[in-house]
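K.L.:
mind folding the following:
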Amino acid sequence: MINPSLPISIAQLVQQLRNLGVPQGSVLLVHTAFSKVKPVEGGPQGLITALQTAVGPQGTLVMPAMTDEDQHPFDPASTPCLGMGVVANTFWQLPGVLRSNNPHSFAACGPAAGHITAEHPIDVPHGIDSPVGRVYEMDGQVLLLGVGHTSNTTIHLAENMAGVRYRRKKYLTILKAGVSVRFDYAEIDHCCQNFTLVGQWLEAKGLQRRGRVGYAEALLARSRDIVNVVLEHLHLDETIFLHPYGVDEECDEARESLTASR
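P.N.:
So this is what the prediction gives:
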């Protein structure tokens with residue numbers, strides 16, 4: 001029995017992850033909000049230790065390490081990823097963790113880390129040739145820890161694989177020949193609030209496991225299952241994730257790009 005007045009031990013966290021279904025040797029992509037998980041032994045570092053223990057020495061732990069879009073030129077050795085949360089921002093800085101050299105960066109530790117964090121395109125941040133795409137190809141799992149599917153970047157992978165036509169205009173500042181330059185591109189994007197539908201689709205097919213890790217609700221699913229259910233629905237309705245006009249500015253911009261592309 002967990003005493004809610006005490007931090008949860010690393011050993012208890014590992015057991016919770018085992019109970020949820022995280023196997024040793026797996027590739028595990030984690031999105032987390034530590035504010036929902038805590039208090040745990042060792043703080044964010046303790047949670048990372050538990051995750052690494054759960055996947056074991058033959059497993060690979062992956063987390064987002066992307067920077068804000070309007071930051072100065074991205075430096076994988078120093079640019080923080082504060083928007084991804086304290087756990088992710090702690091993880092990429094640890095010894096033995098690799099980080100991809102891309103503003104849409106991911107970090108990984110384990111045997112597959114080099115492959116997962118290899119070069120990937122800036123203008124297609126979540127395509128098949130990206131860290132989330134490589135997790136998918138390796139039949140990895142996605143753990144949502146204290147967050148829901150609105151934080152699930154693997155759904156953007158499915159949008160890319162489905163060939164959806166909507167885009168939003170974005171830009172980043174990158175280094176080119178040692179000079180800071182603005183890089184403009186168009187990305188598959190919107191408010192992502194309707195990604196909550198994916199949880200319902202997975203539940204209906206028995207493809208999502210629920211549990212508790214720390215004090216947070218945890219959701220676990222195979223990357224391939226997430227992609228497959230999303231592809232099934234996007235093939236029926238390309239705009240299923242977009243709000244109707246007038247509800248959200250980001251979704252409005254995405255819908256307008258469809259009109260412009262005709």
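K.L.:
show me the helices in this protein, by range?
P.N.:
10-20, 34-37, 43-55, 86-91, 113-116, 131-137, 154-162, 196-204, 223-234, 249-260 (DSSP state H).
K.L.:
which of these sits closest to Gly148?
P.N.:
Gly148 lies closest to helix 196-204 among those, at 6.1 Å (C-beta to C-beta). For glycine as for every other residue, the C-beta is placed from the backbone atoms N, C-alpha and C.
K.L.:
quick one: work out the angle between that closest one and helix 154-162.
P.N.:
Put simply, helix 196-204 runs at 90 degrees to helix 154-162, going by axes from the mean of the first three to the mean of the last three C-alpha atoms, to 10 degrees.
K.L.:
list of residues touching helix 196-204?
P.N.:
148-150, 152, 155, 208, 219, 221, 225-226, 229-230, 232-233, 240-241 (C-beta atoms under 8 Å, 6 or more residues apart in numbering).
K.L.:
and Phe34, what is it in contact with?
P.N.:
By C-beta under 8 Å, 6+ apart, the contact list for Phe34 reads Gly43, Pro44, Leu47, Gly85, Val86, Val87, Gly146.
K.L.:
over to Gly56?
P.N.:
Contact analysis of Gly56 by C-beta under 8 Å, 6+ apart lists Gln24, Gly25.
K.L.:
reformat the contacts of Phe34 as CSV; add neighbour count, pLDDT and distance to Thr60.
P.N.:
Shown next, in CSV, are those (neighbours: other C-beta atoms under 10 Å; pLDDT from 0 to 100; distance: C-beta to C-beta, whole Å):
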residue, neighbour count, pLDDT, distance to Thr60
Gly43, 16, 97, 23
Pro44, 19, 98, 19
Leu47, 28, 98, 17
Gly85, 23, 95, 20
Val86, 17, 97, 21
Val87, 22, 98, 16
Gly146, 22, 97, 21
